[in-house]
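>>> only geometry, no sequence info:
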């Protein structure tokens, strides 16, 4: 074919061009979807990782739920703690990066007595004035430490008044 003869070839209709563009776009979207499925975050071809668990509450989140603003007093690898005041009572809040760190801290704290509200990755130190209120707001389980009054040792509350309502 000579260059001057190319004008004699029938031009593609607009409908043919639009159909070709639609099929091309559909093919590109299909390929992008397959690529995302295989190599995207959590993709089939990526490294196998366990799905992340639910996010743990932070000191600030717990303080907001209580209705106060926490002042962070410690930020270490195994513990983050803060203090705030609610209803005239000082509230001590701690969060832990692992269940092991939380268990170790709670076990040690029980020896000193007191009451603790224990949730998933967090502990709040309770007073008689705050126990029921904070338990209602945050859920968790009320745990009592050693009784140093000589009247017998406290046990964990499992009665209806202090039954776990969630780990918050």
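In hand now; what should we look at? Only a predicted model underlies this, so the values are computations on that prediction, with no experimental measurement involved.
>>> Could I get the average pLDDT for stretch 69-78?
Averaging pLDDT along stretch 69-78 gives 92.
>>> How about it, which residues are buried there?
The neighbour-count check on stretch 69-78 (16 or more other CB atoms under 10 Å) flags residue 70 as buried. (Glycine included, C-beta is placed from N, CA and C.)
>>> close enough to count as contact, residue 62 and residue 95?
Yes. With contacts counted by CB atoms under 8 Å, residue 62 reaches residue 95, the gap being 7.5 Å.
>>> Which residues are in contact with each of the two?
Residues touching both residue 62 and residue 95 (CB atoms under 8 Å, 6 or more residues apart in numbering) are residue 122.
>>> ok, the two, which is more surrounded?
Neighbour totals were compared for residue 62 and residue 95, and residue 62 leads with 27 against 22 (other CB atoms under 10 Å).
>>> So in terms of bridging, what pairs with the residue lying closest to that one once chain neighbours are set aside?
Using CB to CB, 6 or more residues apart in numbering and skipping residues adjacent in sequence, the residue nearest residue 62 is residue 93, 5.1 Å away. Beta-bridge pairing of residue 93 under DSSP bridges involves residue 82, residue 124.
>>> List the residues that contact residue 93.
Residue 93 touches 59, 62, 63, 66, 70, 81, 82, 83, 84, 122, 123, 124, counting by CB under 8 Å, 6+ apart.
>>> Closest to residue 106 out of those?
Of all these, residue 106 sits closest to residue 123, with 6.2 Å by CB to CB.
>>> Count the neighbours of the closest one for me.
Neighbour count of residue 123, defined by other CB under 10 Å: 23.
>>> My guess is it contacts residue 110. True?
No. The criterion here is CB under 8 Å, and residue 123 misses it with residue 110 at 10.9 Å.
>>> Pull up the overlap in contacts between those two.
residue 116.
>>> related to what we said a few turns ago, how far away is the residue nearest to residue 62 from residue 100?
Separation of residue 93 from residue 100 (CB to CB, to the nearest Å): 19 Å.
>>> any idea which helix or strand comes after the least confident helix or strand in the chain by mean pLDDT?
When each helix and strand of the chain is scored by mean pLDDT, DSSP states H and E, helix 14-39 comes last, with a mean of 72. Remark: after helix 14-39, the chain's next helix or strand is helix 59-66, criterion DSSP states H and E.
>>> Now that next one: buried residues?
Going by neighbour count (16+ other CB under 10 Å), the buried part of helix 59-66 is 59, 60, 61, 62, 63, 66.
>>> what residues are up against the second one?
Okay, so that is residue 60. 69, 70, 82.
>>> go with 6 Å
Residues in contact with residue 60 (CB atoms under 6 Å, 6 or more residues apart in numbering) are residue 70.
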